[in-house]
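> Show me how the following folds:
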Amino acid sequence: MSKIKVAVIGCGSIAKYRHIPEYVANPNVELVAFCDFNKELADEYATKFEAKSYTSYEELLAYENIDAVSVCTQNADHAKVAIAAANAGAHVLCEKPMATSLDEAKAMIEAAAENNVFLMIGHNQRLMPPHVKAKEILQSGKLGKILTFKTTFGHGGPERWSIQGKDSWFFKKDKAIVGAMGDLGVHKTDLIRWLFDEEIVEVGAFVETLHKHGDVDDNATCILRMENGAIGTMAASWTYYKGEDNTTAIYAENGVLEIKDSPDVQVVVKLRDGTVEQYKVGAIATNDEGGQGTSGVIDEFIQALVTNTPPSISGEEGMKSLHVVLAALESAEKKTFISLK
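Sure thing, here's the model as predicted:
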């Protein structure tokens, strides 16, 4: 079988630490082109991997014979780049949040369908081993009905992660559209939807800029109601300065399930009868130095292409998680609960 020819559009940190090395590690992939506004950055990767370099994604799509693209641009450009790639006949892996509006998300989904290509969104939390184990436990039924939950995802901010540091587009509303809620909160809304296998139907939120210098939010705290009645909280933060926190606790009628970001035990089940179960299944990948791990996203995407199987983390799934983020922004602005029904 010939290798899948992939282009990476946007060569910032998510490409540097996730997409590019994971493509390199996948035996079914050939990296053929790189595109970035920063010509030196695109040239650097093109030279390293004997590929082509572009500063215009339109030119790349016009001149390169590619099978798939990774869209790793600033949030504001996700939709137009993904749609252009689909129209060029390429399968698309797009970073989250997939778009800046539901209309953009729908247009991305339609473009993929019209061109008979796959659209996958990079929601890697579904693929983390502790989360996979947690879903298995929930589906076993041993915990009974889920009643409440709390989940959080935070770190010290994108200036620690972005190759642009404090000048990162993450802090600029015209490029990022949304801050911590879109960067980290969308991961956790997607995770909760997937873990519970049901939709979030109502949102109340505080979405604030408390400490950073940009014009987007650096903290969000949300109250979520699930379609089967469970209620819980979700926090996203760029001001967890002591280190990353990506944890979840789910309280059910028969006990509690705890998902930890510990290197030792990652999943703990405490049942009402006193039984305690501990599972060491592999740590959650982090953005901290030395804790990169693997996201699993690239392998999932390439496996979909190799087997010609629609990716489970589809554009439709990405749009549902985006809807929660947009509802949280609306809730904070209007100071009221927002229904997603």
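> Going along the chain, name the helices of the chain.
Using DSSP state H, the helices of the chain run over 13-14, 20-25, 39-48, 57-63, 78-87, 102-114, 129-140, 173-176, 180, 186-196, 297-307, 315-334.
> Determine the angle, from 0 to 180 degrees, between the fifth one and helix 102-114.
Helix 78-87 and helix 102-114 are oriented at 10 degrees to each other (axes from the mean of the first three to the mean of the last three Cα atoms, to 10 degrees).
> how far is helix 78-87 from where the chain is centred?
How far helix 78-87 lies from its chain's middle: 18 Å, per Cα atoms, centre = their mean, to the nearest Å.
> circling back to that earlier point, now for the helices of the chain, which one comes closest to residue 234?
Among the helices of the chain, helix 186-196 comes nearest to residue 234, with 5.1 Å by Cβ to Cβ. In short, each C-beta sits where N, CA and C put it, glycine included.
> most centrally placed residue in this protein?
Centroid check for the chain by Cα atoms, centre = their mean gives residue 123 as the closest residue, at 3.2 Å.
> Report the separation between that residue and residue 229.
Distance, residue 123 to residue 229, by Cβ to Cβ, to the nearest Å: 24 Å.
> now residue 309
Using Cβ to Cβ, we find residue 309 at a distance of 34 Å from residue 229.
> and what of residue 26?
Taking Cβ to Cβ, one finds residue 26 at 41 Å from residue 229.
> Compare the two (neighbour count), which wins?
Between residue 26 and residue 229, residue 26 has the larger neighbour count (other Cβ atoms under 10 Å), namely 18 against 11.
> and the gap between residue 55 and residue 124?
Between residue 55 and residue 124 the computed distance is 28 Å (Cβ to Cβ).
> And these two? Which one has more around it.
Comparing residue 55 with residue 124 by other Cβ under 10 Å, the one with more neighbours is residue 124, at 23 against 14.
> List the contacts of the more buried one.
Counting by Cβ atoms under 8 Å, 6 or more residues apart in numbering, residue 124 touches 187, 285, 295-297.
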